[in-house]
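S.K.: Coordinates only, no sequence provided:
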């Protein structure tokens, strides 16, 4: 492909897989990975950015392929001792992972931006593609549940996604400015594509889309907006997306995800298992592409990345 | 022994050994261990209290007997990853040890006192004897050297005690209030003894003695003040005490330690190897006791503790 930026909007695991695929397609500096920060939180005095870190670990080759999160060769002595001291131990922080949280927290406290410290860390880990937070301002996802509002990680980790979801709020979103490189790429006349990776639509992608001006920009921009369905055969590959859809009264289908993104979309990638929904997607005015979206191997990640960019190019022509 | 408090002033390793011995003598609540905080420092955004922690780990049975500091079954994944990320890695923080620093830092930042968080941690670890910081106010030892002033841990760990020492400053000492239990024990009419453990006189004990009012109180108090020499046969058992004495133009002898504490002292414990200095100690008006001060076994720690209290009792009678 060509000369202008490709923007990938990413949450955690699923998004990071596709971001890794994209990063291996020779896009060089043209690829900009924008990570959700809505699931960031303050814990034990540390600022923890799970999505940003999953993308960072995935692209650096340090991620634990089996667990799907965190680092390989991770140790748990810190957690064990924290429990022994009576500390708050519902959120697992690996011994290796802690180094990143401690460095970042110190940098933020000394006045550095999340963008700057993320750049320091990703460069140090040899990652070529720029990874940026969606904003340098604090945005925190609150999950509205039948039991009242919950901070995202309390819902997600501490309460194991058990409470019934009724909606979402993104605290701070109205005052959050889209990150500078993200904003610049969106207004680049050569912008090639915006890729919405197969992350959770409600808590990984919507925080990015809800940043002031972003929805309007994506509607207006000439470059195609292409999403990959995180729902395959009625199930989420990982995480609570399908459970949330059910609780929100939506069908747990790829089509419902396309409808959720609505008029933002120009293209939508469905798995072979959902090929029967392609016509309904097309009826929304969105170009469907049916392919293998389940990314098991590194080759799967690269292939899907290639197909997504191919769809974007086809739409652009 | 009897009814009133025994106060032990302690630095790190040597002091913690004697404190452990004292804690095994059935003194119960009467033992109050007062730890130096002059070597505390802020590092990577964490508040680290090496002496307090060495005492805590030693009395809880969690300390690494071979290394002489830190925790047993310690891991180093955090340090390895910190180095990989380009972080400041001159001070070793073990994976287990980190749990304490993170819990404490969070507690201090939320407004808890060092006393309160230390109590929470020591109780949780099943330590019966109260361990308190010498003060809840920040005091930081600065080492004056031929190359200029150095924060203590920069001198001690980063620069491996190599710079030539010319003196010491204790930043914040004039505004530091002696910790409440320490102050109360000092004014207890039943106070039995004040034990100066065999820690470094300049950087472990002097910060405690230099707290406003403490020297005057120790001079005036009826209870005997008894010190154990950290210098044996011209050498420090551990750490830079002998090197410092040499650089400050003092003889590197037990006697010089007794002279350094001067008129505060009522009793002084020397090792068999320094028995020839007992008369000179007596000539200072200080009752000498010659015994085995090198604490190799747990039994050594208990025996020395018993002898120190015996000396105090003899002086008191």
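M.R.: In hand now; what should we look at? These numbers come from a predicted model, not from an experiment.
S.K.: which bits of chain A sit near chain B?
M.R.: A:44-46, A:71, A:73-75, A:77-82, A:84-87, A:94-100, A:102-103, A:105-106, A:109, A:120-121, A:124-125 (Cβ under 8 Å from any Cβ of the partner chain). Where C-beta positions appear, they are placed from N, C-alpha and C, glycine not excepted.
S.K.: ok, 7 Å please
M.R.: A:44-45, A:75, A:77-78, A:81-82, A:85-87, A:95-96, A:98-100, A:102-103, A:105-106, A:109, A:121, A:124 (Cβ under 7 Å from any Cβ of the partner chain).
S.K.: Secondary structure class of the residue in the stretch 151-300 of chain A that chain B sits nearest to, three-state.
M.R.: Closest approach between the stretch 151-300 of chain A and chain B, counting by Cβ to the nearest Cβ: residue A:153, at 16.1 Å. Recorded secondary structure, residue A:153: helix (DSSP: H, G, I helix; E, B strand; the rest coil).
S.K.: could you measure it against residue A:50, distance?
M.R.: 8 Å (Cβ to Cβ, to the nearest Å).
S.K.: Mutual contacts of those two, please.
M.R.: Common contacts of residue A:153 and residue A:50 (Cβ atoms under 7 Å, 6 or more residues apart in numbering or on different chains): residue A:39.
S.K.: which stretch of helix or strand covers residue A:137?
M.R.: Assigned by DSSP states H and E, residue A:137 falls within no helix or strand.
S.K.: The nearest residue to it once chain neighbours are set aside: how many residues sit nearby?
M.R.: The shortest distance from residue A:137 to any non-neighbouring residue, by Cβ to Cβ, 6 or more residues apart in numbering or on different chains, is to residue A:176 (4.0 Å). Counted with other Cβ atoms under 10 Å in any protein chain shown, residues neighbouring residue A:176 total 21.
S.K.: Verify the contact between residue A:176 and residue A:213 for me.
M.R.: No. Look at residue A:176 against residue A:213 with Cβ atoms under 7 Å: they stay out of range, at 10.5 Å.
S.K.: Residue A:271 contacts residue A:294, doesn't it?
M.R.: Yes. With contact defined as Cβ under 7 Å, residue A:271 and residue A:294 form a contacting pair (6.4 Å).
S.K.: ok, now which ones touch residue A:288?
M.R.: Contacts of residue A:288 (Cβ under 7 Å, 6+ apart): A:268, A:270, A:278, A:281-282.
S.K.: give me phi/psi at residue A:28?
M.R.: Per-residue torsions, residue A:28: phi 60, psi -140 (degrees, to the nearest 10).
S.K.: Any figure for the gap between it and chain B?
M.R.: Distance of residue A:28 to chain B, computed by Cβ to the nearest Cβ, to the nearest Å: 24 Å.
S.K.: count of residues packed around residue A:59?
M.R.: 23.
S.K.: Equivalent analysis for the one 10 residues further on, please.
M.R.: A total of 19 residues lie near residue A:69 under the criterion other Cβ under 10 Å.
S.K.: Was I right to think it contacts residue A:13?
M.R.: Yes. Counting by Cβ under 7 Å, residue A:69 does reach residue A:13; the two are 6.4 Å apart.
S.K.: what do the two both touch?
M.R.: Shared contacts of residue A:69 and residue A:13, counting by Cβ under 7 Å, 6+ apart, come down to residue A:54.
S.K.: quick one, strands of the stretch 51-200 of chain A?
M.R.: According to DSSP state E, counting those that start in this stretch, the stretch 51-200 of chain A carries its strands in the segments A:131-133, A:140-145, A:148-151, A:165-171, A:193-196.
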